[in-house]
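> Everything below, folded, please.
(chains A and B)
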Amino acid sequence: MREQNPDGDAEYCVPVASVNDIVTARLQGRALAERLGFSPGEATLVATAISELARNIVQYAGSGDILLRSTTNGTRRGVVVVARDRGPGIADLKLAVRSGYSTSGGLGLGLPGVRRIVDDFQIVSNRQDGTTVTVTKWRI
Amino acid sequence: MAVPILKQSQYLIATIQSALSDEDLVALQAALVEKVGKFRSRGVIVDVTALDVLDSFASRTLRDIAHIIRLRGAETVIVGVQPEVAFAMVQLGITLEKVPTALDLEEGLAYLGKKLQHARAEP
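Numbers count the residues shown, from 1 in each chain, chains lettered A, B, ... in the order given. Got it, this is the predicted structure:
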């Protein structure tokens, strides 16, 4: 799905409801990063971050969306990824972004790993609204 | 998309073709475990050259595959991790632990050949 925001930049919304949507979301994110002139290495970081965020949605909330849009800061260009769900929320946010912590039996690399590979990381989570993770990756 | 598995003498070669879903990976795991027994294979090569992302789930599944295959009496080597994928894995904090890796299919076959020769030489 494609819509135009006021800056004329494209915004993409990828609904995430199953593990197959994880692949769609990360391919879209990579394509956007490449269009903005990201190197293959940087585009892979964007795709990897999206993969982790989308998997969190499927695993913990069942369904949600990945929003992708471009952003600018002066002459710099960046990709913003918003992963949002209406799931149960995260009980202890501080713990969830700590390396090695996991409630699912995973490696606990998901959120702390994503935080390491992006430039800006914000997370809002509560029982009523679910979880929204917003990350930005700037082109070098 | 299912991953094709090629039998070549005592080896199985699984070539991952494109962006792989979680389900495909889990299916690959089951197929390899079954085929190692069916063909009495001694070595397995998983070629990830075409894979665009190796995130925490994919890495864990590859690691599990290698450990399960070892319990079935065969060796696994992962080949073709692309430079940018390797870079992202390190940044994310992902490792394949003790799972052997090789540059490409050719190096992977050489590794298995040496490993199996060595195993035969031991009493």
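> Okay, B:L116 and chain A: tell me how far apart.
B:L116 sits at a distance of 31 Å from chain A (criterion: Cβ to the nearest Cβ, to the nearest Å). The way it works is simple: take the backbone N, C-alpha and C, and place the C-beta from them, glycine included.
> same check, this time on B:E97
In this view, B:E97 and chain A are 11 Å apart by Cβ to the nearest Cβ.
> which helices and strands sit right next to the helix or strand hosting A:F121?
When secondary structure is defined by DSSP states H and E, A:F121 falls within strand A:120-126. Contacts defined by 3 or more Cβ pairs under 8 Å, 6 or more residues apart in numbering or on different chains; DSSP states H and E place strand A:120-126 against helix A:93-96, helix A:110-117, strand A:130-138.
> could you list every residue that touches the residue lying closest to A:L111 once chain neighbours are set aside?
Across the structure, with Cβ to Cβ, 6 or more residues apart in numbering or on different chains as the measure, the residue nearest A:L111 apart from its sequence neighbours is A:V97 (4.9 Å). Contacts for A:V97 were tallied using Cβ atoms under 8 Å, 6 or more residues apart in numbering or on different chains; they are A:L111, A:P112, A:R115, A:F121, A:I123.
> which residues sit in contact with the third one?
Spelled out, that is A:R115. A:R115 sits next to A:V97, A:F121 when contact means Cβ under 8 Å, 6+ apart.
> Pull the number of nearby residues for B:S41.
Neighbour count of B:S41, defined by other Cβ atoms under 10 Å in any protein chain shown: 23.
> re the thing from before, same list (the helices and strands packed on strand A:120-126) but as a markdown table, adding mean pLDDT and distance to A:I66.
Compiled in a markdown table, these are given as follows (pLDDT from 0 to 100; distance: least, Cβ to Cβ, whole Å):
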| stretch | mean pLDDT | distance to A:I66 |
| --- | --- | --- |
| helix A:93-96 | 74 | 19 |
| helix A:110-117 | 88 | 13 |
| strand A:130-138 | 95 | 10 |
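> in chain A, what spans have low per-residue confidence?
Within chain A, the set of residues satisfying pLDDT under 70 comprises A:1-9, A:99-109.
> what does it put close to chain B?
Counting by Cβ under 8 Å from any Cβ of the partner chain, the residues of chain A close to chain B are A:19-20, A:22-23, A:26-27, A:30, A:40-41, A:43-45, A:47-48, A:51-52, A:55, A:99, A:106-107, A:109-110, A:112-114, A:116-117.
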